[in-house]
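In: Fold the following and give me the result.
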Amino acid sequence: MRSWSPLGKVLVSATDKIPNLRDDELSWIALQWELAVGQDLSAIARVERLTEKTLYVEVAGESWIPALKSLEPRLLVTLNRSFGKDRFTRIRYRENTNFKPKALPAKITKTKIKNSGPQTVNPDGRDIEGLDMIQDSHLKETLARIGRHIKHSASLLALVVLLANCTSMPATQGETSTSGGTEGTSSKAVLQPEINIGQSYAVEKIRKLKEKNPEADLHDPRVYYHYLMGLQNFREARFDKSRDHFAELVKYEPEREEFAQRLVRLSLRTGRLEDARLYATKALERFPKNDNIRMVLADVLAAQGRHQEALNQYGKIFDQDPKNARSKLMMGDLFEKMKRPQEAIEAYRAMTVADTHNPLGFFYLGRALAGDRQFGEAEKELNNALNLRPSLFEARKYLARVMEQQGHYARALEQYKILKKTLPNPEIKKRYEEIEALVVDSNAMENKTLDPLEIKEIPIHALLGAVYYEQAAYLESIDEFRLVLANENDLEIRLIVSKIYEILGRVDQAIIEVEAYRRGAEDQNRVDLLLNLARLYGMDQQMDKSVGLLESALKHEPRNDRLYHSLALAHMALSQYDQAINTIQKAIELDDQKDAYFFELGALYERKGDFQRAVEAMERVIALNPNHSNAHNFIGYLFAMQGLHLDRAIKHLDKALSIQPRNGYFLDSLGWIYFKKGDYNAALEKIKKAMIYVSPDPVLYDHLGDVLFSMKKFSEAHEAWKTSLALTMKKLDDPTGEVPDPSKLKEKLRETREKMKAR
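Out: Next comes the predicted model:
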C-alpha cells in the first residue's frame, strides 16, 4: 500500500513520467515550479532562466527571498523528482522591481470577504512586497506575518506552500446513503471533507499542456486524489465511498488493472451485483487473464441464476490456472443445482486434487457421492474432510447420516455423540436418543429402520462466508455473504454481516444491515430483532431510537423484565431519570432477585440527588450479592461525598478492594474517604496508587489537587488541577463518565495562584 503524501507533492509527481527530452525545457520547468510552490506563491516568484545545474527565479520583492531560500531543499527534491535525476543543485533568486504577475484564472479566484476585524499592520512601516498579488486573505495575512519573522517561521511558510496547492474546500457535508442503501452515516463518524479538484490549478495546467502536446505522457492529478481517498475510505470500511473513488480512477486510468480489480470487488462488497457484473465484463476486455475479476463475474452470474454463463467463466479460470480450486468447487455446486450429479462429482474431485488441504472439497465430494448413493466412497471423503477440519459440523452430520444409511448405527451414534457435545440443538439430541435406543435394543435394530436425518442444506457461499468469519477474514466473509443475500433475506447472515461492520467500527452500517432484513421480514417486530437494533442504535448515540424500539418490544412481551431493564438504561443515557426509575421498578416487580436491577436503581437515585434511597438500593444489592464490589464502592463513596459514616465507608471500600485490589477507582474512593477524615497522607498515598491502575482521569486529578492543597503544597495542587481541567475539557463532549465542573476548577486554579504569589 502506498504511503500518504502532501497534495503538492502528489500533483507534481502526476507528471513524472514525461520524457526528459522536451522541445521547451524552460516552459516545462516553469510549470513544475508553479506546481511545486502553488498558485499564490508562483504569483510573486517565477522561473527566469536555467543553466546546467542552476535554476534562476525572479521575485516580486527582496523580502520574499529569505522565505523562498528556507524552502530550497524541499523544492529541489520536488523539481528533480519530475526529471528522475538530479537536474538542479541550487536555486538563485533575484529581485525584479518591474515584476508583473500573471492574472489568476477566473475559475479559481476566491471571493473577497469583508473583514471587520483589525487590519494587519507592518510594524516597520513598510508593506511586504507582492502581497497585493495574493488573492487568499488568510494566506496574505499569514505570509505578511512570516515575512516579518522569517528567521523563526520558515516551517510555517513551508506549510502554507503545501496548503496553497489545494483549491478551496467546501463545508463538510454529512454523508447520505446511496441509492443501493448499503452505506449510511454514523452519528459518531468523522466525515471527510471532499475537495473539488475538477477546476484546480494543477488540473487546468495539465489539460492545457495536453492540448499543446497530445502525445505527452501526462497523468491527470485527479488520479492521485481519488486513489488516496479511495484507500482512506477503504481503511475506514466506507466501501461505498471507496468504490465511488475507484470508479473515477478507472475513468482516468482505464489501463490500470489493479484499479479495475478493486472497483469490481468493491461493487460486490457493497451489494451492487449488477454493477460488479458490468464492471467485470468491461474490465475483462482489457485484462482477460485476470482471474480475480473473472471469479467475481462468475460468482455474480451464478447468483443471478445464469448458471451456464457462470460455468463458462469458472472453466476459463481453471484452464488458465489448474491450481485454482475454488473454480472447481463452484462448478460442482452449479452442476448439482443443474441436476448433473456425475459432472458435480468430477468437479469436486478435481478440487481435491488442486488443493489437497482444503476440507471443503472433500466435504462436497462426499456429500455428492452420498447423494449418488455411493455410501462407501462418501464415508471415505467425509472422513478426509474431518481429518483436515474436525470442527466442520456439516461434514460430521453427513457422515453420521451416511453411516445410518449403511445400517452402521453404532458408528453413527459416536458421531452424534460428538455433535451433541459440540453443537447442542434439539434435532441432534433427539436423533442421538433414537439411535441410542436402536443400539441398546438389538432386536429393535433388526426390525426397525429410521428415515435418513434431514439436513438443511446451507448455500455454498454461506458456508464459505462462515469459514472466513471464523478465521477473522471479515472482508472475504462479507463478499461471500453478499452473494447469498442476492437471493434470500436471511436474518442469520444479515446479523453476521452486521456484526462484521460493528467489528470494523461501522455501527451505522451494522444498523443498515439489520434494518434491511427487518423491511423484508414477515415479522418485523420480533423481540430479539428489536433488542439487537436497540443495542446498535444505542452504540451509535441514537438512544431515542433505542427507547422507541424497546417500547415496541414491551408491547409484545409485557412481562419481560430484561426489556424493562434495557429500557431503563436507555432512559438513563438520555438523562430521563424519572422515566428510568419507573421503568427499572417495573423490572424489579417482575424479578426482585436480580442485583443488577437494584444497582441501576441506586445509581439513578444518586443522579437525582436522593442519597438515602441510593444507599438503601445498594444495601439491597449487597444483601443479594455480598461480593458485589461496585455496590460496596458506591456506598463508601456516597458516604464520603456527604462526609457521613466515614468508618462504615472505609469498611465498604476495604471489602470492595479485597475483591478487586487493583481497581483504581476503588482506591480513589478510599483516598477520598481518608481526605474527608483529615488523614491527608493516607489520602495522598491511596490516590497516587489509584493513578497507577487507571488512564488519566479528571476526577482523580481533581481529588489529588484537593489533597495537595490541604497539605499546603500549592504548586503541586496547581499542576494537578491544571491537568484535571485539560482532561475535563477533552471529555465534555463525551456523554459517559463523570467530570468535574470546569468553573470550579478554574476557581481553584485562581486560588492556588494567589497562594503562590503570597509566599
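In: elements contacting the helix or strand where V203 lies?
Out: In the assignment (DSSP states H and E), V203 maps to helix 201-212. When contacts are defined as 3 or more CB pairs under 8 Å, 6 or more residues apart in numbering; DSSP states H and E, helix 201-212 sits against helix 25-37. Placement of C-beta: from N, CA and C, glycine included.
In: Which elements pack onto the helix it packs on?
Out: Applying 3+ CB pairs under 8 Å, 6+ apart, one finds that helix 25-37 contacts helix 7-13, strand 45-50, strand 54-59, helix 72-83, helix 201-212.
In: deepest of these, which one?
Out: Mean neighbours per residue, mean count of other CB atoms under 10 Å, is largest over the helices and strands packed on helix 25-37 for helix 7-13, with a mean of 21.
In: for that one, what is the average pLDDT?
Out: In this model, helix 7-13 carries a mean pLDDT of 40.
In: cool, and stretch 715-730?
Out: Stretch 715-730 comes out with an average pLDDT of 95.
In: Next, the buried residues of it.
Out: 716-725, 727-728 (16 or more other CB atoms under 10 Å).
In: what separates it from the chain centre, distance-wise?
Out: Here the centre of stretch 715-730 is set off from its chain's centre by 32 Å, with CA atoms, centre = their mean, to the nearest Å.
In: what does stretch 681-696 give?
Out: Remark: stretch 681-696 is offset 35 Å from the chain centroid, using CA atoms, centre = their mean.
In: List the buried residues of it.
Out: Within stretch 681-696, the residues scored as buried using 16+ other CB under 10 Å are 682-687, 690-691.
In: and which of those is nearest to I65?
Out: M691 (53.0 Å; CB to CB).
In: what secondary structure does the closest one sit in?
Out: At M691 the chain is in helix, as set by DSSP: H, G, I helix; E, B strand; the rest coil.
In: Please name the nearest non-neighbouring residue to it.
Out: L700 (5.9 Å; CB to CB, 6 or more residues apart in numbering).
In: which residues does that neighbour contact?
Out: By CB atoms under 8 Å, 6 or more residues apart in numbering, the contact list for L700 reads 664, 668, 687, 690-691, 694.
In: Just the element for it, please.
Out: Assigned by DSSP H and E, L700 falls in helix 698-710.
In: just how off-centre is the very next helix or strand once past that helix within its chain?
Out: Following helix 698-710 in sequence order, the next helix or strand is helix 714-731 (DSSP H and E). Distance of helix 714-731 from the chain centroid (CA atoms, centre = their mean) equals 32 Å.
In: what's the angle between helix 714-731 and helix 698-710?
Out: Relative orientation of helix 714-731 and helix 698-710, computed by axes from the mean of the first three to the mean of the last three CA atoms, to 10 degrees: 160 degrees.
In: Which other helices and strands does helix 714-731 contact?
Out: By 3+ CB pairs under 8 Å, 6+ apart, helix 714-731 packs against helix 698-710, helix 742-758.
In: tell me the helices in the stretch 551-700 of the chain, going along the chain?
Out: Using DSSP state H, counting those that start in this stretch, the helices of the stretch 551-700 of the chain run over residues 561-573, 577-590, 595-608, 611-624, 629-642, 646-659, 664-677, 680-693, 698-710.
In: In TSV: those helices, plus mean pLDDT and distance to L438.
Out: Output for the helices of the stretch 551-700 of the chain, formatted as TSV (pLDDT from 0 to 100; distance: least, CB to CB, whole Å):
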stretch	mean pLDDT	distance to L438
helix 561-573	95	42
helix 577-590	98	45
helix 595-608	96	47
helix 611-624	97	48
helix 629-642	95	53
helix 646-659	97	52
helix 664-677	96	59
helix 680-693	97	60
helix 698-710	97	67
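In: looking at those, which is closest to E433?
Out: For these, distance to E433 was read as CB to CB. The smallest value, 31.9 Å, belongs to helix 561-573.
In: And D702, how close does it get to V739?
Out: 9 Å (CB to CB, to the nearest Å).
In: So these two - more neighbours on which side?
Out: Taking other CB atoms under 10 Å, D702 and V739 do not tie; D702 has more neighbours (22 against 18).
In: give the contact list for that one.
Out: 720-721, 724, 740, 745.
In: Any regions of this protein where pLDDT drops low?
Out: Applying pLDDT under 70 to the chain picks out residues 1-25, 27, 38-40, 63, 67, 82-85, 100-200, 442-448, 733-737.
In: domain assignment for it?
Out: What automatic domain parsing lists as the domains of the chain is 7-103+128-164, 232-321, 695-759.
In: how about the spatially closest residue to L485 that is not a sequence neighbour, what does it touch?
Out: What sits nearest to L485 in space, not counting adjacent residues and going by CB to CB, 6+ apart, is I493, at 6.2 Å. By CB under 8 Å, 6+ apart, the contact set of I493 is 462, 465, 481, 484-485.
In: before we move on, what about L727?
Out: Counting by CB under 8 Å, 6+ apart, L727 makes contact with 696-698, 701, 739.
In: Can you give me the distance of the closest residue to E551 other than its chain neighbours to G230?
Out: Excluding the flanking residues, the one nearest E551 by CB to CB, 6+ apart is L567, at 6.8 Å. From L567 across to G230, the span is 42 Å (CB to CB).
In: Counting neighbours, what do you get for N487?
Out: For N487, the count of nearby residues is 12 (other CB under 10 Å).
In: That one and A303 touch, don't they?
Out: Yes - the pair N487 / A303 is scored as a contact, 6.4 Å apart, by CB atoms under 8 Å.
In: list residues touching both of these two?
Out: With CB under 8 Å, 6+ apart, N487 and A303 have no common neighbours.
In: quick one on the thing from earlier: just the CA coordinates for the helix holding V203, please, in CSV.
Out: This file holds the C-alpha atoms of helix 201-212, laid out as CSV (Å, rounded to 0.1, in the frame of the first residue of the first chain):
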residue,chain,number,x,y,z
TYR,A,201,-4.8,24.9,-10.9
ALA,A,202,-2.8,21.7,-11.5
VAL,A,203,-5.6,20.0,-13.4
GLU,A,204,-6.1,23.1,-15.6
LYS,A,205,-2.3,23.3,-16.3
ILE,A,206,-2.1,19.6,-17.3
ARG,A,207,-5.2,20.0,-19.5
LYS,A,208,-3.6,22.9,-21.4
LEU,A,209,-0.3,21.1,-21.8
LYS,A,210,-2.1,18.0,-23.2
GLU,A,211,-3.9,20.3,-25.7
LYS,A,212,-0.5,21.6,-26.8
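In: What's the first helix or strand after that helix?
Out: For helix 201-212, the following helix or strand on the C-terminal side (DSSP H and E) is helix 222-235.
In: in that next one, what counts as buried?
Out: Buried, per 16+ other CB under 10 Å, within helix 222-235: 222-231, 233-234.
In: Format these as JSON lines; extra columns: distance to N525.
Out: Conversion of these to JSON lines gives the following (distance: CB to CB, whole Å):
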{"residue": "R222", "distance to N525": "48"}
{"residue": "V223", "distance to N525": "49"}
{"residue": "Y224", "distance to N525": "50"}
{"residue": "Y225", "distance to N525": "46"}
{"residue": "H226", "distance to N525": "43"}
{"residue": "Y227", "distance to N525": "45"}
{"residue": "L228", "distance to N525": "45"}
{"residue": "M229", "distance to N525": "40"}
{"residue": "G230", "distance to N525": "40"}
{"residue": "L231", "distance to N525": "41"}
{"residue": "N233", "distance to N525": "35"}
{"residue": "F234", "distance to N525": "36"}
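In: Pick the one among these closest to R401.
Out: Ranked by distance to R401 (CB to CB), these are led by F234 at 43.5 Å.
In: For that closest one, give its distance to G465.
Out: 20 Å.
In: I317 too?
Out: From I317 to G465 the distance is 20 Å (CB to CB).
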